[in-house]
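Novice: Quick one: sequence and predicted model below, then my questions.
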Amino acid sequence: AAPFTLDMSYRAVLAYDCLCVSYFLSCYPVSQLKMAGCDMGVKGAEMLVKHISNEVTYSLPLELVNLSWNDLTAVGMEDVVKIVRTSSATLRVLDVHYNKIGDGISVITDHLQHNNVLTKLNVAQCGLSVRGASCLGELLKVNNSIKELGMGVNQIGDEGVLSVCEGLQCNKT
């Protein structure tokens with residue numbers, strides 16, 4: 001079957017619903033997962049990856065993942081990384097803006113260091129600090145596929161802006 005879009009954005013989603021989506025992702029070719037504004041929280045993120053295999057050869061055909069506005073924290077990012085890792089050959093857009101990620105962004109940036117497919121990363125309004133901006137700057141130094149980085153409305157200060165600029169100077173895109 002051809003890949004399709006699963007859009008559950010702005011619906012009340014419980015942890016059990018995320019478990020059902022996880023099973024669905026493990027069985028069907030979904031290219032776009034849109035779950036913005038579902039308020040799933042950390043428990044929902046944990047359930048979302050429950051049926052995703054840890055096998056090295058296992059991969060999801062996801063090209064776009066939008067988990068913005070979901071009350072995710074740094075702990076929830078650990079689960080989002082599982083989606084990023086299993087979709088590393090196809091994932092072009094990752095949108096996690098308006099979550100409470102903070103410096104937990106390092107979990108994502110560490111896994112995107114060698115990703116050469118992702119072109120858009122949106123981490124706007126995620127409570128990033130100078131440390132988070134530094135992680136993004138380091139990512140930009142080695143990841144040449146990212147062409148669009150949304151990071152507005154974060155408290156990164158001048159030092160954080162400088163870190164991102166240094167990363168962009170090294171970037172070849």
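Specialist: Cool, the structure landed.
Novice: going forward, measure contacts and count neighbours with C-alpha atoms only.
Specialist: OK.
Novice: Mean confidence (pLDDT) on stretch 161-173, please.
Specialist: The pLDDT scores in stretch 161-173 average 90.
Novice: Any idea how far it is from the middle of the chain?
Specialist: Taking C-alpha atoms, centre = their mean, to the nearest Å, one finds the center of stretch 161-173 at 20 Å from the center of the full chain.
Novice: can you list contacts of that stretch?
Specialist: The contact list for stretch 161-173 (C-alpha atoms under 8 Å, 6 or more residues apart in numbering) reads 133-134, 136-147.
Novice: and what of stretch 147-154?
Specialist: 119-129, 173.
Novice: Check whether Ile108 really touches Asp79, as I assumed.
Specialist: No. Ile108 is beyond contact range of Asp79, at 10.0 Å (criterion: C-alpha atoms under 8 Å).
Novice: that older thread, filter the contacts of stretch 147-154 down to the buried ones, ChimeraX style.
Specialist: Buried members of those, defined by 16 or more other C-alpha atoms under 10 Å, are picked up in ChimeraX with:
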select :119,120,121,122,123,124,125,126,127,128,129
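Novice: middle-most residue in this protein, spatially?
Specialist: Centroid-nearest residue in the chain, with C-alpha atoms, centre = their mean: Leu94, separated by 4.4 Å.
Novice: Give me the three-state assignment for that residue.
Specialist: Put simply, Leu94 is strand when judged by DSSP: H, G, I helix; E, B strand; the rest coil.
Novice: any low-confidence regions in this protein?
Specialist: Counting by pLDDT under 70, the chain contains low-confidence ranges at 1, 53-58, 173.
Novice: mind listing the strands for it?
Specialist: All strands of the chain, identified by DSSP state E, fall at 4-7, 30-34, 64-66, 93-95, 120-122, 148-150.
Novice: Going by neighbour count, which of the contacts of stretch 161-173 are buried?
Specialist: 133-134, 136-146.
Novice: what's Asp110 in contact with, if anything?
Specialist: Leu139.
Novice: separation between it and Ser26?
Specialist: 24 Å (C-alpha to C-alpha, to the nearest Å).
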